[in-house]
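Trainee: Generate coordinates for the sequence data below:
(2 chains)
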There are 2 protein chains.
Amino acid sequence: MSNPNPIGVFDSGIGGLTVVKALRDQLPNETIAYLGDTARVPYGPKSPETVQRYALELAHMLMHKNAKALVVACNTVSSVALPLLTRKFSVPVIGVIEPGARAALQATRIQHVGVIGTRATIRSGAYERALRASNNNLRVSSRACPLLVPLIEEGLLDDDVTDRVILRYVEPLLADGIDTLVLGCTHYPLLSAAIARVLGPEITLVDSAKNCASAVQETLDQQSLRSPSTKCGELRVAFTDSADNFLNVARDALQLNFGETELQPLP
Amino acid sequence: MSNPNPIGVFDSGIGGLTVVKALRDQLPNETIAYLGDTARVPYGPKSPETVQRYALELAHMLMHKNAKALVVACNTVSSVALPLLTRKFSVPVIGVIEPGARAALQATRIQHVGVIGTRATIRSGAYERALRASNNNLRVSSRACPLLVPLIEEGLLDDDVTDRVILRYVEPLLADGIDTLVLGCTHYPLLSAAIARVLGPEITLVDSAKNCASAVQETLDQQSLRSPSTKCGELRVAFTDSADNFLNVARDALQLNFGETELQPLP
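Mentor: Sure thing, here's the model as predicted:
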């Protein structure tokens, strides 16, 4: 049993392409349909009800492309809309928070995990809840890092200024004594080299994008949904409005191969 | 002839408080009603039609408070909605672009002006148009500085990282040979000390907030709308949704005195 249909991946914007990159690496034969809601980015400051409504719209657009699974490549949507999406659609729905939390629980030796993310994600407490659900004795130290997304979108991925900002953000977490750090924002894998450099070899970095891709692979295997193809799958990228220069930054840094992006206006 | 009613000031969020500060300094006897649209910030990425619609809504809300003049403390709104607002309302409407451009034209000795702003403001070309409308031979060098707003909102107003980012942004403008730099974003006056430090004494800094306040004063005088009071006017601050920590940053840095802010939901 197998299924040649695309995996549908969506995000509030462009950052979710880090999840696409991880999926391409782990599941090269799968076709991927990516949809980024650049018309309404960012979702962070919006109310949960609004984010849920937007997530349903994007999921419907991907289901019209016959998605065999929905991947929520966005922390904000993952934190407020997964139960709703799971209820509304018959295909499997995979977010970024559970897989990241699971990987962190496996990685930490001293039961003390750090989480970095946008202000909205940290305020939501979603990672803390997911981590503590499995281990009530776990210590979690979180830190909002509002400058990292703008630095990434400016393309300063390998830059002294960015390293200094990272150091400033992670210093209190290191002082707290974490041994594992979750990158709780789909933009952050673009900085994983810089963050690893600043953290040093003692701290395990948990990349939500990679762990999300592993969870997708597991689900497809369990439900016999893998593509029958042995050829490289296609990658189709669409946005609800024009994409800014960050698309070039992400495409280059991730070495993602896709042609023209499609403009897919909201209904 | 005089008028005790408030001056209505609005912005897409909190940044417009720099204009309020300039108004308080120049017109201490005037009462000010400020309205920040934190529910829908930022306006930069939104279409001109949407920004115009939002601007009309905010202006109506201030007119219900009997505003005797409307001050558009937002570059995005100033660049796309001033003619519409002027047509729709009988009170004077003052934006930030014209006054800034006028001050820059007076300041430049070599007819070469630099403009910094958000990506949306620079892309709109609004300052270039306003500057060139009066002097076709003027050279204008513009630069989008997307990291400055996040750095300001993080409160890094006097910080080595911020200075390095500023230097990187203004270096090409200095190399171009400007002698005057317009701060084309209502957030930037919070960095005017840092920017002046990086630029050095040879470059004249044009603060749009201060020049907007001067234009307001001029207009009130011309139309006999100054407050009859000799006491310090009130400052009332309202937002369409809760304000984040940047409100504390701005209040402290500007030394603005106001009590509880009011939550004024959109209609």
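
Trainee: What's the mean pLDDT across stretch A:143-153?
Mentor: In this model, stretch A:143-153 has a mean pLDDT of 95.

Trainee: ok, residues contacting that stretch?
Mentor: By C-beta atoms under 8 Å, 6 or more residues apart in numbering or on different chains, the list of residues contacting stretch A:143-153 from outside reads A:15, A:114-119, A:121-123, A:159, A:161-162, A:165-166, A:169-170, A:172-173, A:185, A:187-188, A:190-191, A:244-246, A:249, B:146-147, B:149-151, B:153-154. (Glycine included, C-beta is placed from N, CA and C.)

Trainee: If we use 7 Å, what do you get?
Mentor: A:116-119, A:122, A:162, A:165, A:169, A:172-173, A:185, A:187-188, A:190-191, A:246, A:249, B:146-147, B:150-151, B:153-154 (C-beta atoms under 7 Å, 6 or more residues apart in numbering or on different chains).

Trainee: Show the buried residues in these.
Mentor: A:116-119, A:122, A:162, A:165, A:169, A:173, A:185, A:187-188, A:190-191, A:246, A:249, B:146-147, B:150-151, B:153-154 (16 or more other C-beta atoms under 10 Å in any protein chain shown).

Trainee: Secondary structure element holding A:His60?
Mentor: Of the helices and strands defined by DSSP states H and E, A:His60 is found in helix A:48-63.

Trainee: Give the next helix or strand downstream of that helix.
Mentor: strand A:69-72.

Trainee: Mind giving me the packing neighbours of that following strand?
Mentor: Here strand A:69-72 touches strand A:7-11, helix A:75-88, strand A:93-94, helix A:208-222, going by 3 or more C-beta pairs under 7 Å, 6 or more residues apart in numbering or on different chains; DSSP states H and E.

Trainee: Let's see that with 10 Å instead.
Mentor: With contacts taken as 3 or more C-beta pairs under 10 Å, 6 or more residues apart in numbering or on different chains; DSSP states H and E, strand A:69-72 sits against strand A:7-11, helix A:17-26, helix A:48-63, helix A:75-88, strand A:93-94, helix A:208-222.

Trainee: May I have the strands that pair with it, each with its orientation?
Mentor: strand A:7-11 (parallel), strand A:93-94 (parallel) (DSSP bridges).

Trainee: I'd like those strands laid out as JSON lines, including mean neighbour count, distance to B:Ser214 and mean pLDDT.
Mentor: Shown next, in JSON lines, are the strands paired with strand A:69-72 (neighbours: other C-beta atoms under 10 Å in any protein chain shown; distance: least, C-beta to C-beta, whole Å; pLDDT from 0 to 100):
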{"stretch": "strand A:7-11", "mean neighbour count": "28", "distance to B:Ser214": "45", "mean pLDDT": "98"}
{"stretch": "strand A:93-94", "mean neighbour count": "26", "distance to B:Ser214": "56", "mean pLDDT": "98"}
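
Trainee: Indicate which one of those strands is closest to B:Pro83.
Mentor: Closest approach to B:Pro83 among the strands paired with strand A:69-72 (C-beta to C-beta): strand A:7-11, 37.0 Å.

Trainee: Off-centre distance for that closest one?
Mentor: Remark: strand A:7-11 is offset 10 Å from the chain centroid, using C-alpha atoms, centre = their mean, to the nearest Å.

Trainee: Could you do stretch A:108-115 as well?
Mentor: Using C-alpha atoms, centre = their mean, the offset of stretch A:108-115 from its chain centre is 20 Å.

Trainee: List the buried residues in it.
Mentor: Here stretch A:108-115 shows A:Thr108, A:His112, A:Val113, A:Gly114, A:Val115 as buried, counting by 16+ other C-beta under 10 Å.

Trainee: returning to that earlier point: so of the buried ones among the contacts of stretch A:143-153, which ones are in helices?
Mentor: Using DSSP state H, the members of the buried ones among the contacts of stretch A:143-153 that fall within helices are A:Arg119, A:Ile122, A:Thr162, A:Val165, A:Tyr169, A:Leu173, A:Phe246, A:Val249, B:Pro150, B:Leu151, B:Glu153.

Trainee: Let's see the pLDDT reported for the second one.
Mentor: Think A:Ile122. pLDDT, A:Ile122: 94.

Trainee: Which residue is the nearest non-sequential neighbour of it?
Mentor: A:Ala144 (4.1 Å; C-beta to C-beta, 6 or more residues apart in numbering or on different chains).

Trainee: What's the local residue count around the one you found?
Mentor: 20 (other C-beta atoms under 10 Å in any protein chain shown).

Trainee: Got the phi and psi for it?
Mentor: A:Ala144 adopts backbone torsions of phi -80, psi 140, taken as degrees, to the nearest 10.

Trainee: That one pairs with what?
Mentor: Beta-bridge partners, per DSSP bridges, of A:Ala144: A:Gly117.

Trainee: A:Leu181 too?
Mentor: On the basis of DSSP bridges, A:Leu181 is bridged to A:Gly114, A:Leu205.

Trainee: In contact with it, which residues are there?
Mentor: The contact partners of A:Leu181, by C-beta atoms under 10 Å, 6 or more residues apart in numbering or on different chains, come to A:104, A:107-108, A:113-116, A:141, A:143, A:170, A:173-174, A:188, A:195-196, A:199, A:203-206.

Trainee: Would you mind measuring from the closest residue to chain B within chain A to A:Thr240?
Mentor: Residue nearest to chain B within chain A: A:Pro150 (4.3 Å; C-beta to the nearest C-beta). Using C-beta to C-beta, to the nearest Å, A:Pro150 is found at 21 Å from A:Thr240.

Trainee: again with A:Leu62
Mentor: Taken as C-beta to C-beta, the span from A:Leu62 to A:Thr240 is 12 Å.

Trainee: Which residues are in contact with each of these two?
Mentor: A:Phe10, A:Leu35.

Trainee: my read: A:Leu97 touches A:Ser79, true?
Mentor: Actually, residue A:97 is Ile rather than Leu. Yes: between A:Ile97 and A:Ser79 there is a contact under C-beta atoms under 10 Å: 6.1 Å.

Trainee: Tell me where the model's unsure across the stretch 1-150 of chain A.
Mentor: Of all residues in the stretch 1-150 of chain A, none has pLDDT under 70.

Trainee: Apply 90 and report the result again.
Mentor: A:1, A:39-42, A:44-48, A:119-120, A:134 (pLDDT under 90).

Trainee: Is A:Phe10 in contact with A:Val41, as I believe?
Mentor: No: A:Phe10 lies out of contact with A:Val41 (C-beta under 10 Å); the separation is 11.8 Å.

Trainee: Common neighbours of these two, please.
Mentor: The contact lists of A:Phe10 and A:Val41 share A:Cys74, A:Thr240, where a contact means C-beta under 10 Å, 6+ apart.

Trainee: Up against chain B, what does the stretch 101-250 of chain A have?
Mentor: By C-beta under 10 Å from any C-beta of the partner chain, the residues of the stretch 101-250 of chain A that approach chain B are A:119, A:123, A:144-151, A:153-154, A:156, A:159-162, A:164-165, A:168, A:241-242, A:244-246.

Trainee: for stretch A:192-199, which positions count as buried?
Mentor: So, applying 16+ other C-beta under 10 Å, buried residues of stretch A:192-199: A:Ser192, A:Ala194, A:Ile195, A:Val198, A:Leu199.

Trainee: no, scratch that, I was asking about stretch A:42-54
Mentor: A:Pro42, A:Tyr43, A:Gly44, A:Pro45, A:Lys46, A:Val51, A:Gln52, A:Tyr54.
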